[in-house]
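> Predicted model and sequence below, questions to follow.
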Amino acid sequence: MFTIGQFSKITALPVKTLRFYHEKNLLIPARVEAGTGYRYYDDRNIQTARVITALRALEFSLDEIAEILAQHDDDSDILHFLKQRKQSLQDRIERDRDIVATIDRIVHNEQEARRTMSQKQFEIEEKTLPPQLVAGIRMQCRYDEIGTGFSQIGRKLGRHISGKPLCLYYDNEYREKDADLEPCMPLRKHVPVDGISVRELPGGRCVTLVHRGPYQQLGRSYERVLKHCADQGYEIQTPTREVYLKGPGMIFRGNPKNYLTEIQFLIQEPNPAP
């Protein structure tokens, strides 16, 4: 027989833990003195303690360990439990990967937004957009409801997202309740998902302007871009695009005065005069 202190040294389990395991009927001493309450352990207890330690290292719960000890005494008998634990760990790894990808995306987007915000004033630019792989959900809704589309894409394709969110606008006018639009997220690779359109968004020549401020004030920036296109004789192609360089964060809403939205109008340049 071993005292609880001796047993603690043999098993590398603190005395406090041994008492707790006894209270949980997980590791019952071979003998408990009636008068003093002193606990004494034997060789059989050593084997049980080592099984408990091994199972705890595999992150089995105490309830699961109690069930295993009550019904099984060989590794081959607990294959079901081991397979369940493996699947649970694999699921957690997948969740952790999604979390890491989300953190990377937040950090990257905020760093890019800070660099953009360092510019004191934004001017209209003309540039060529490359084709881009995106996942999108076509919606008819109010403008302030596009967040639900982004949320659906994020839940289903989180770790595959590789850039800033954007929205395609198919209307040539403002529509209060039934705007025809498509929230999109850029993707690293093609991943088919039910209910989500995954495709290559065509590139092309475009006129752009970064708007700084609340979405409700986007109209003044749209005015500048539309005037520029009219002055140059450009034909604007639909859908037009908004890229959200900085908006409400995934953790904090942030200050709308610092939101950054890039307006993008793909254009058809006028044919040269004969």
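Received it, and whenever you're ready, just let me know what you need. From a predicted model like this one, the values you see are computed outputs, not experimental measurements.
> pLDDT below threshold where in the stretch 1-150 of the chain?
Applying pLDDT under 70 to the stretch 1-150 of the chain flags residues 75-76, 113, 116-121.
> now do 80
72-78, 105-106, 109-110, 112-121 (pLDDT under 80).
> same check, this time on the stretch 151-274 of the chain
249-254, 269-274.
> Tell me the strands beside the helix or strand residue 168 falls within, with direction?
Per DSSP states H and E: residue 168 is located in strand 166-169. Using DSSP bridges, the strands paired with strand 166-169 in its sheet are strand 179-186 (antiparallel), strand 240-246 (antiparallel).
> For those strands, state which one has the densest average packing.
Mean neighbour count (mean count of other C-beta atoms under 10 Å) peaks for strand 179-186 among those, with a mean of 22. For the C-beta atoms, the positions are set from N, CA and C on the backbone; glycine is no exception.
> Check which element follows that one along the chain.
Taking DSSP H and E, what comes next after strand 179-186 is strand 197-201.
> Specify the helix with the largest residue count in the protein.
Secondary structure assigned by DSSP state H gives helix 79-117 as the longest helix of the chain.
> got the buried residues for it?
By neighbour count with 16 or more other C-beta atoms under 10 Å, helix 79-117 contains the buried residues 81, 85, 98, 101, 105, 109, 113.
> want to try CSV for the residues you listed, with distance to residue 91 as columns?
Output for these, formatted as CSV (distance: C-beta to C-beta, whole Å):
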residue, distance to residue 91
81, 16
85, 11
98, 11
101, 16
105, 21
109, 27
113, 33
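> Identify all contacting residues around stretch 177-188.
The contact list for stretch 177-188, computed with C-beta atoms under 8 Å, 6 or more residues apart in numbering, reads 132-143, 146-147, 149-150, 153-154, 157, 160-171, 197-198, 201, 239.
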